[in-house]
Structures are given as structure tokens and as C-alpha cells.
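**Student:** what follows is a predicted protein model with its sequence.
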Amino acid sequence: MESRLDYETQTSYQLLVRATDAKTTSFEEIYVDIDVTDVNDIAPVFNQSLYLAMISEAAPIGTSVISVKAFDGDSGVNKALTYRLENLNTNYNNNSKTNEFFIISQDKSEISVAKELDYETDVVHELKVIVTDGGSPPMTGEARVRIVVEDANDNPPQFEQDSYATSISGSAGPGFFVTRVVATDPDEKDVRKLRYSISSGQGKEFFDLDSRSGVLTISKQAGIERGKVYDLGIEVTDGKSIARTSVRVVIGDTNDHSPVFDQEIYTVDFYENYPTGTFVTMVTATDKDSGNFARVRYSVDDLEAAEKFSVDADTGMIYSRLTFDRENSSHAFTSVPIRATDGGGRFGFCAVEVCDTSINGEFYISVYTNPTVCLLIPFLKPLIL
């Protein structure tokens, strides 16, 4: 044999064999047919080393993803090809080579979906496709397949909170920020699609909700009531699914007014030698605000006067702390400043002025009120007749 036989180049030969007599030169000829038998000496080869494909995560099981193609130069059983897939991903199944999500058919060498895909879990699937011929021993070839999973709108949006609650001042005007509701969506592309709206709630016309940002503000429409509670139903949609939450808005009172005493002058008869704790008079202040801002508490607003008189913080009733003696100069005083303070810290004043006269040995006590300033009245010494 002058050269190596190659079945893939030539499968048969026909030879002419001549036998010649060396003396007579006579000869005889015969044709010999030689068939070359194929051996498995060529490994199968794919037409690409890397296959790329994209598939939606919503694709049902059985959906075709991509077809691969391998060739084998042998013949007969030696070029009968079978395919299998191995997993190259390292982020699931404990690095197992067994692929769960895709399957390859033997007749069409077509890769299709074998298990529900999830973009949020695995975006890219790296596979190795291996082809084996039918020779003995068999020979193999391989290629890589990269399948990119596309996000589909298969998850509903979710609010970060099941419910929201906030309170705002009753003086809040149009455009005032109330709160912000925030929703997320596991579907990456759907986050930009989220749209918010007020779906229900008595008084919802008093509020505006920005459809893109979820910012809730006071609307331009008048009518919001101080001290009232508004419960709003809020929805968000990604164009397919809807999520819901609620927002409770408490409209707080505002402290717009200071306490004002109801009389400018109180006149009270008071005698010396009355026992300690004797009721002197009662002052009353009111506040036009509501709630805690209208709750008034009274106090004596001078340390020296507070040693001689006390006032009930809740009722405004004034009592003596001494048994007064008009001949005792230490019992003399000019006035008793009374402060009325509301729940927001605003205040008004009145002054209980004691005018010491000598009419029948009586003290005459007058109460002068002023809602904004505390009157400091000059000291008057007792007159001894």
C-alpha cells in the first residue's frame, strides 16, 4: 500500500491484476474490486462554538429556544449522533452538571424549555452541548450555549408598607406635602411602569397623588377640616397587576390664638384675718383654638406673689396662702400676675391687684386682665389710720 486509505476520500477501488509468463510473455488478467471499510476516525463537530439565544421567562414548557447542528464525516453508525446538555451555571443546584431548565431533542437537535424560567432568579443560563457519534469507541464534540432570559411582567407590585399614617397641621394649604407611598416590583422593567392613584376615601378630592412619584399633597380644592381624619385607599399598577394600601391623614388643630380672659376687672371683698386657703376669686380664660390648643392652664407668674396666693391650674380658682394682717408690712403686695397657657405654649396674662384701703378694715381686691402683657403695678404700702 503506497498511501493510507481514507474512506471519506474513496470508498472502493478496482484493480487490474496481470500474471505474465517470463519466457513466453503470455499473460492473464483479472479485475479485483476492493471495498474500503469505514472506521470511526472523525469526531463530530458543531457548526458553531458558541450559540446565543434569548427567551422570555413567561415562555411555557416545550417552547423551542434554539437549534444546534453537528456534523460527522464518518458513515453509517459512525455518524449516528446523540446530544446531551450539561449545566455550566455555578449559582444553582450546588454546581450540579445536571441541567433542569432545558432539554435537547435527538431528532432535531433542538433545545427547548423543560422547566419554568424565572428572570428574578437566573438571568443567564450557560450550557454545554455535547454530541457523541455511534462509533466504537465513540468520539465526541462540544459547544457552548448561552441563553439569556428576558424579564416578563409575571410579578405584581408591592407597597413597602401595608398602611401609612401621618398628621399635618390644620393650616396646611394647597400643595403641602402630606406623605409619600412607595411600591416596588420584582420585575425590573416594570418599576418604571408603576402608576399610583387614589382609589377611594371620603374627602379624597382634598388630596392629590402624583402618579409617578407617589407623593401625596393637599389639593387646591377648599374644604379640608381641622381635627378630622381622612382614610384614603391607594392603588399602584404595573399595567397588569394592582396592589393596594391605605393612608390615614389626621388634620391637626392649629394654635392660632392666645388665651383671653373673659373680664377686664374682677372686684372681690377680702378681709384680713381670713384663714389660710380662703377662696379669693376665680379667673377664666378661653382659647378660640380646638383640642389641646384650647386647653388652658393657670399659674401665678410671680415668685413673691406665689408665696401669698395660689391658683388652681385647671379651674383658675385663686386661694390665699396666708392669714393676712394689714398691720404686717410683709403682707403688703402690689399685684398677683396670673398666666393662662394653652396646649401649644401661647399665653395671656391677668393681674389680681390688691388695693389696701382702710374702709372698715377691709382689703379690696381687684383683678385686671390683659391678654398680651403682664401688668406690674407700683407697690402700695398699707395705710394705717
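**Tutor:** Structure received. Numbers count the residues shown, from 1 in each chain.
**Student:** what pLDDT does the residue most central in space within the chain get?
**Tutor:** When Cα atoms, centre = their mean is applied to the chain, the residue found nearest the centroid is E160 (3.5 Å). Looking at E160, its pLDDT reads 94.
**Student:** and it, how far from V236?
**Tutor:** 11 Å (Cβ to Cβ, to the nearest Å). C-betas here are computed from N, CA, C, even on glycine.
**Student:** what do these two both touch?
**Tutor:** A183 (Cβ atoms under 8 Å, 6 or more residues apart in numbering).
**Student:** look up phi and psi at D38.
**Tutor:** Torsion angles at D38 (phi, psi; degrees, to the nearest 10) stand at phi -70, psi 140.
**Student:** could you pull out the helices for the protein?
**Tutor:** Taking DSSP state H as the criterion, the chain contains helices spanning 303-306.
**Student:** where does this structure dip in pLDDT?
**Tutor:** For the chain, applying pLDDT under 70 flags the ranges 1-2, 8, 90-96, 265-267, 333-334, 353-385.
**Student:** can you tell me the closest non-neighbouring residue to G344?
**Tutor:** Nearest residue to G344 in three dimensions, chain neighbours excluded: N255, at 3.1 Å (Cβ to Cβ, 6 or more residues apart in numbering).
**Student:** re earlier: quick one: contacts for the residue nearest to the centre of the chain?
**Tutor:** Neighbours of E160 in contact, by Cβ under 8 Å, 6+ apart: 182-184.
**Student:** take the residues you listed and write them to TSV, including distance to A172.
**Tutor:** Converted to TSV, those look like this (distance: Cβ to Cβ, whole Å):
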residue	distance to A172
V182	21
A183	25
T184	29
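**Student:** quick one, which of those residues are buried?
**Tutor:** With neighbours counted by 16 or more other Cβ atoms under 10 Å, the contacts of E160 contain buried members at 182-183.
**Student:** mind checking which of the contacts of E160 are in strands?
**Tutor:** Taking DSSP state E as the definition of strands, the contacts of E160 contribute 183-184.
**Student:** from the contacts of E160, pick the one nearest F101.
**Tutor:** T184 (26.1 Å; Cβ to Cβ).
**Student:** isn't R226 right up against S167?
**Tutor:** No - R226 lies out of contact with S167 (Cβ atoms under 8 Å); the separation is 11.4 Å.
**Student:** can you check which residues contact both of those two?
**Tutor:** What both R226 and S167 touch, as defined by Cβ under 8 Å, 6+ apart, is the set 251-252.
**Student:** what about V229, distance to G201?
**Tutor:** 11 Å.
**Student:** just L127 next, same as before
**Tutor:** In terms of Cβ to Cβ, L127 sits 53 Å off from G201.
**Student:** please apply the same query to R146.
**Tutor:** Counting by Cβ to Cβ, the gap between R146 and G201 amounts to 50 Å.
**Student:** of those two, who's got more company?
**Tutor:** G201 (18 against 15; other Cβ atoms under 10 Å).
**Student:** excluding chain neighbours, what is closest to the more buried one?
**Tutor:** Nearest non-adjacent residue to G201, counting by Cβ to Cβ, 6+ apart: L232, 3.8 Å away.
**Student:** tell me the contacts of the one you found?
**Tutor:** 198, 200-201, 204, 207, 216, 246-249 are the contacts of L232 under Cβ under 8 Å, 6+ apart.
**Student:** and the buried ones among those, selectable in PyMOL?
**Tutor:** Applying 16+ other Cβ under 10 Å to the contacts of L232 leaves a buried subset, and the PyMOL line that selects it is:
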select buried, resi 198+201+204+207+216+246+247+249
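**Student:** how close does I218 sit to L81?
**Tutor:** 73 Å.
**Student:** would you mind measuring from the closest residue to T278 other than its chain neighbours to V268?
**Tutor:** Nearest non-adjacent residue to T278, counting by Cβ to Cβ, 6+ apart: S320, 4.7 Å away. Using Cβ to Cβ, S320 is found at 11 Å from V268.
**Student:** joint contacts of those two?
**Tutor:** With Cβ under 8 Å, 6+ apart as the test, S320 and V268 both reach V280.
**Student:** who does the spatially closest residue to F347 that is not a sequence neighbour form a beta bridge with?
**Tutor:** Spatial nearest neighbour of F347, excluding adjacent residues (Cβ to Cβ, 6+ apart): T341 at 4.4 Å. On the basis of DSSP bridges, T341 is bridged to R297, F347.
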